[in-house]
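Q: missing the sequence, but the structure's below:
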């Protein structure tokens, strides 16, 4: 690869290059490091590289929801994890889906004495995940939720048969909703910015201070956007789409999404595909609770492409240092990114 002048390659030449295809489909550690360095040194090629990646993914069927079997998804996951931990002797600690390792906090509100809260409403279940850990939750209707680190999910403990279902989310979660064709009971995810209304589908919801992002993998959903003036607007979504919305600013963005990259965190992997180092800093802060600063503000715009562990901060920082030519210095709880 090092002998090729990728800076002069067109999009079609990149798409047809076997080494480029390997980076997109089955990246080795060397592939990740090479292309991270290339994008760092050739920021003007970022859009062309991203377009070529999308075309290779399209040709391989990597972006089409439902085309990959569970075995294929697992193989992709295993290859990515091998690439980011190849020079690490110990295994990455895997917290996701491990009840023994989980320190999940479950609060059952208002049932200590009467089994109901003080207003006669059904008791609520509140699931909170700490920094750096995820948890799988089975809802009363059989729906499945994977709750990301530093997130909270709230819902009524008892759901009446045939009644509509509601959950409240702050943070990030991946939903696989059990359809109810007989009763057509709705399932609604409520955040500070919007409501996600579904009949039965698979989707990811990210709801933080900056706003809410919804990525749809399967099925159909309708969003109810909370407008700044108190009114509501509705928006229908189709598989493979992502919507970003903030009720504070009123900003709305719709785009196509790599659905596997958006929800890779639930399997212990963070996929960096065209995000900036500044955005990676936000992910670190939200997932691990460690504030991030950059010695040089221009570093925030540096493009990040590759993969890292979603449940091991130490290894994630080591990967970032090697891949992007930076040094991460700890100052108490603060993580400072510096140029080498």
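A: That came in fine, so what should we check first? This is a predicted model, so every value here is computed, not measured.
Q: what stretches of the stretch 51-200 of the chain score poorly on pLDDT?
A: Filtered on pLDDT under 70, the stretch 51-200 of the chain yields the residue ranges 61-122.
Q: which residues in it form helices?
A: With DSSP state H, counting those that start in this stretch as the criterion, the stretch 51-200 of the chain has helices at 70-85.
Q: break the chain into its domains for me.
A: When the chain is parsed with automatic domain parsing, its domains come out as 6-94+268-339, 105-260.
Q: the nearest residue to residue 191 once chain neighbours are set aside: neighbouring residues, count only.
A: Distances taken as Cβ to Cβ, 6 or more residues apart in numbering place residue 207 nearest to residue 191, at 3.8 Å, with adjacent residues excluded. Where C-beta positions appear, they are placed from N, C-alpha and C, glycine not excepted. Residues near residue 207, counting by other Cβ atoms under 10 Å, number 24.
Q: from residue 247, how far out is residue 207?
A: 11 Å (Cβ to Cβ, to the nearest Å).
Q: could you do residue 37 as well?
A: 40 Å.
Q: please name the residues that touch the nearest residue to residue 139 once chain neighbours are set aside.
A: Counting by Cβ to Cβ, 6+ apart, residue 145 is the residue found nearest to residue 139 once chain neighbours are left out, at 6.3 Å. Contacts for residue 145 (Cβ atoms under 8 Å, 6 or more residues apart in numbering) come out as 136, 137, 139, 153, 167, 173, 174, 175, 176.
Q: and the fifth one, how far from residue 233?
A: Spatial separation of residue 167 from residue 233 under the definition Cβ to Cβ is 22 Å.
Q: may I see the buried residues of stretch 227-244?
A: Neighbour-count burial for stretch 227-244 flags 235, 237, 239, 240, 241, 242, 243, 244 (criterion: 16 or more other Cβ atoms under 10 Å).
Q: show me which of those is closest to residue 284.
A: Nearest to residue 284 among the buried residues of stretch 227-244: residue 244, at 20.0 Å, using Cβ to Cβ.
Q: got a pLDDT number for the closest one?
A: Note for residue 244: predicted pLDDT of 94.
Q: same check, this time on residue 47
A: We have a pLDDT of 79 for residue 47.
Q: next, work out how far apart it and residue 246 are.
A: For residue 47, the distance to residue 246 - Cβ to Cβ - is 25 Å.
Q: now residue 282, what's its secondary structure?
A: helix (DSSP: H, G, I helix; E, B strand; the rest coil).
Q: can you check residue 47 too?
A: Under three-state DSSP, residue 47 comes out as helix.
Q: start at 18, not 1
A: With the count now opening at 18, the last piece we talked about shows up as residue 64.
Q: okay, now it: neighbour count?
A: 11.
Q: for it, give me its contacts.
A: By Cβ under 8 Å, 6+ apart, the contact set of residue 64 is empty.
Q: what does residue 289 give?
A: 297, 321, 322, 323, 324, 325.
Q: next: residue 166.
A: Listed by Cβ under 8 Å, 6+ apart, the contact set of residue 166 reads 146, 147, 148, 149, 150, 151, 188, 303, 304, 305, 328.
Q: for it, phi and psi?
A: Backbone geometry at residue 166, expressed as degrees, to the nearest 10, gives phi -60, psi 150.
Q: how close does the residue nearest to it when sequence neighbours are not counted get to residue 163?
A: Counting by Cβ to Cβ, 6+ apart, the nearest residue to residue 166 once its immediate chain neighbours are dropped is residue 304, at 4.8 Å. Computed as Cβ to Cβ, the residue 304 to residue 163 distance reads 14 Å.
Q: which one of these two is surrounded by more residues?
A: It is residue 304, of residue 304 and residue 163, that has more neighbours when counted by other Cβ under 10 Å, with 24 against 21.
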